[in-house]
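Asks: no sequence on hand, only this structure:
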Ligand SMILES: C[S@@+](CC[C@H](N)C(=O)[O-])C[C@H]1O[C@@H](n2cnc3c(N)ncnc32)[C@H](O)[C@@H]1O
């Protein structure tokens with residue numbers, strides 16, 4: 001199992017992401033746009049962290065279950081939804097069993113996010129949906145100085161994929177646990193390679209600001225098994 005970087009910052013993360021804040025409200029708005037009504041069905045929140053998205057998923061009619069690597073994060077999450085400790089690239093879930101999988105703000109937390117997308121595709125039923133919400137791969141990262149939200153400065157570090165801790169701010173996640181980078185084209189290509197068809201995308205940011213979130217909804221186009 002990979003190392004759970006969030007164990008030591010779980011209390012800080014719960015405060016940072018929880019409550020009523022503009023960023024989490026923006027994430028919620030994106031999820032509401034990309035997720036259909038659940039009508040009581042079960043969905044999986046991969047890399048659920050402290051469970052910050054459980055309320056939005058319930059509000060859309062889903063019964064969320066969370067998985068995360070970090071027992072520190074799960075200590076908070078289990079107050080909000082049923083959870084299990086598991087690696088996102090090897091989910092303890094049957095093939096073709098779920099209608100919805102979401103993963104929010106996780107793609108920079110592991111070196112192989114295409115592996116997460118492929119694993120989600122395995123677990124989805126045909127027609128099931130994977131919803132990814134992440135930091136915007138073009139305008140947010142160690143290569144982007146966001147000191148002035150109206151004028152983001154992107155440098156050639158955009159091409160570097162390794163985990164980096166350097167940041168324009170000391171108040172964020174990256175300077176605490178590091179972040180990998182997946183360029184936009186590689187992120188988008190990973191959906192098709194996994195057999196998921198992109199049906200919607202969203203960019204979101206602060207009012208009139210450069211987007212800091214990028215989200216994708218993709219549907220499993222795997223043919224039903226004839227076995
Ligand atoms: C930035 S947090 C996002 C948490 C939550 N989804 C949210 O929206 O607040 C990233 C989460 O991904 C989890 N994570 C990182 N690598 C993982 C892996 N391989 N399998 C499962 N969870 C992982 C971390 O432990 C952390 O809780």
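Replies: That came through fine. Here the structure is a predicted model, which means the values were calculated and not measured.
Asks: count of residues packed around the closest residue to the ligand within the chain?
Replies: Closest residue of the chain to the ligand, C-beta to the nearest ligand atom: residue 49 (2.4 Å). The way it works is simple: take the backbone N, C-alpha and C, and place the C-beta from them, glycine included. Residues near residue 49, counting by other C-beta atoms under 10 Å, number 25.
Asks: ok, it touching residue 77?
Replies: Yes: counting by C-beta atoms under 8 Å, residue 77 is a contact partner of residue 49 at 6.6 Å.
Asks: now do the shared contacts for the two.
Replies: Taking C-beta atoms under 8 Å, 6 or more residues apart in numbering as the criterion, residue 49 and residue 77 both touch residue 68.
Asks: pull the longest strand from the protein.
Replies: Across the chain, the longest stretch assigned as strand under DSSP state E is strand 124-135.
Asks: and that one, what's buried?
Replies: For strand 124-135, the buried set under the neighbour-count rule, 16 or more other C-beta atoms under 10 Å, comprises 124, 128, 129, 130, 131, 132, 133, 134, 135.
Asks: give me the nearest residue to residue 102, chain neighbours excluded.
Replies: When the adjacent residues along the chain are set aside, residue 102 lies closest to residue 131, with 4.6 Å between them (C-beta to C-beta, 6 or more residues apart in numbering).
Asks: er, residue 106 I mean
Replies: Computed as C-beta to C-beta, 6+ apart, the closest residue to residue 106 that is not its neighbour in sequence is residue 47, at 3.5 Å.
Asks: phi, psi of the one you found?
Replies: phi 70, psi 50 (degrees, to the nearest 10).
Asks: so how far is residue 6 from it?
Replies: Distance from residue 47 to residue 6, counting by C-beta to C-beta, to the nearest Å: 9 Å.
Asks: so what sits against both of the two?
Replies: Residues touching both residue 47 and residue 6 by C-beta under 8 Å, 6+ apart: 68, 69, 109.
Asks: now residue 204: how far from residue 216?
Replies: Distance from residue 204 to residue 216, by C-beta to C-beta: 12 Å.
Asks: of those two, which one has the most company?
Replies: For residue 204 versus residue 216, neighbours defined as other C-beta under 10 Å are more numerous around residue 216 (21 against 18).
Asks: my read: that one touches residue 200, true?
Replies: Yes: contact criterion C-beta under 8 Å: residue 216 and residue 200 qualify, at 7.5 Å.
Asks: for the ligand, what are the nearby residues on the protein?
Replies: Applying C-beta under 6 Å from any ligand atom, we find that the chain lies next to the ligand at 2, 4, 6, 17, 47-49, 52-53, 68-70, 73, 87-88, 104-106, 109-110, 173.
Asks: quick check: the two most widely separated of the buried residues of strand 124-135?
Replies: Greatest spatial distance among the buried residues of strand 124-135 (C-beta to C-beta): 128 and 135, at 24.7 Å.
Asks: just name the shakiest helix or strand of this protein by mean pLDDT.
Replies: Least confident helix or strand of the chain, by mean pLDDT, DSSP states H and E, is helix 174-177 with a mean of 92.
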